[in-house]
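1. 3D, please:
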Amino acid sequence: MEIGFLFTLALIGFAVIFASKTIQIVPQQRVYVVERLGRYHGTLSAGLHFVIPFVDRIAYRHSMKEIVIDIPEQVCITNDNVQVNVDGILFFRIMDAQRASYGVSDYFMAITQLAQTTIRSEIGKIALDRSFEERENVNALVVAAIDKASDPWGVKVLRYEIKSINPPRDVLAAMEKQMRAERDRRAQIIDAEGSKRAAVLQAEGIQQSQITQAEGQKQSQILEAEGDAQARIRRAQGEAEAIRLVAEAVAGGKGDPTNYLIAMKYLETLKEMTSGQGNKVVYIPYEASGVLSSVGGIKEMLDMNRKG
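-> Numbering: from 1, shown residues only. Next up is the predicted model:
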């Protein structure tokens, strides 16, 4: 009875081992490479699969997710013979599990070494000053070179990012001095351009002000001349009207209107001569008595005409 019980237990154990070897459950985003009698047989994707125990075996297990590799820091020499320490991060994905299994013995180490040699080569083509601004171009060149080399391995390189570029301390100090001098130079240029612009604007403002002032004076002189001309015209019209009235007034009597006008001008001149003299004595020529008598006679004729 004990022998039968042990045989039953052995049979159950063998069945469990056989079932575990036969049934294979592959998780999501993973693939298994199956070898049959030592040769590649197939690739198992996510799901439930059955294999032949002791004939088929799972030789390789690969993740189809995006894989990140930290590229160790290494010493690179730039085009101007400066040593810098460069490290980075590489992103890749397995596209063909069969080639990733049999194309290279260790694709992690192969990609890491290839990334280091490629970054050394690309950094050596540029100067130190350009290594920082050319970082994007260097990343793209590294990706292109590694992707081309890793294609037979069934690996797709997605991107490479340089984490840091660390020059020696003395080089950093010299670069800081250079950048400080460049910033000072730019600040001086900006200040000079600002002063120049301000001077130009001030000169333009003064010029525009002078032009406006000249235009105002010109317009004022034009208006003053027009006003003086209008005043002379009105004055001439008034004198013409006065002459006409005097002529009409003396037309029916005796006398010449010309004498009247001469007398009026004479009186205006005498008025200007005597204005502002105070108590001083002003001598009037003898001929003024005849003019005044003419004015008196003309006035009498005008009065007689008004009465008639």
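2. same for the helix or strand hosting Gly88, what does it pack against?
-> Mapping Gly88 onto the secondary structure by DSSP states H and E places it in strand 83-94. Counting by 3 or more Cβ pairs under 8 Å, 6 or more residues apart in numbering; DSSP states H and E, the packing neighbours recorded for strand 83-94 are strand 67-77, helix 107-123, helix 135-150, strand 155-166. Every C-beta, even on glycine, is put in place using the N, C-alpha and C of the backbone.
3. what's in contact with stretch 53-63?
-> 17-18, 21-22, 24, 29-37, 40-41, 44, 51, 94, 97, 100-101 (Cβ atoms under 8 Å, 6 or more residues apart in numbering).
4. For the residue lying closest to Glu73 once chain neighbours are set aside, name its beta-bridge partners.
-> In this structure, Glu73 finds its nearest non-sequential neighbour in Asp87, 3.8 Å apart by Cβ to Cβ, 6 or more residues apart in numbering. As for beta bridges, Asp87 partners with Ser164 under DSSP bridges.
5. Would you mind getting the angle between the strand holding Gly88 and strand 155-166?
-> Compare the direction of strand 83-94 with that of strand 155-166 by axes from the mean of the first three to the mean of the last three Cα atoms, to 10 degrees and you get 160 degrees.
6. Just the C-alpha atoms of strand 83-94, please, in PDB.
-> Presented in PDB, the C-alpha positions along strand 83-94 are these (Å, rounded to 0.1, in the frame of the first residue of the first chain):
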ATOM      1  CA  GLN A  83      39.300  67.300 -21.900                       C
ATOM      2  CA  VAL A  84      35.600  67.200 -20.800                       C
ATOM      3  CA  ASN A  85      33.600  64.700 -18.900                       C
ATOM      4  CA  VAL A  86      30.400  63.700 -20.800                       C
ATOM      5  CA  ASP A  87      27.600  61.400 -19.600                       C
ATOM      6  CA  GLY A  88      24.200  60.700 -21.100                       C
ATOM      7  CA  ILE A  89      21.000  58.600 -21.300                       C
ATOM      8  CA  LEU A  90      20.100  56.300 -24.100                       C
ATOM      9  CA  PHE A  91      16.500  55.100 -25.000                       C
ATOM     10  CA  PHE A  92      15.900  52.100 -27.200                       C
ATOM     11  CA  ARG A  93      13.400  49.300 -27.800                       C
ATOM     12  CA  ILE A  94      13.700  45.700 -29.000                       C
END
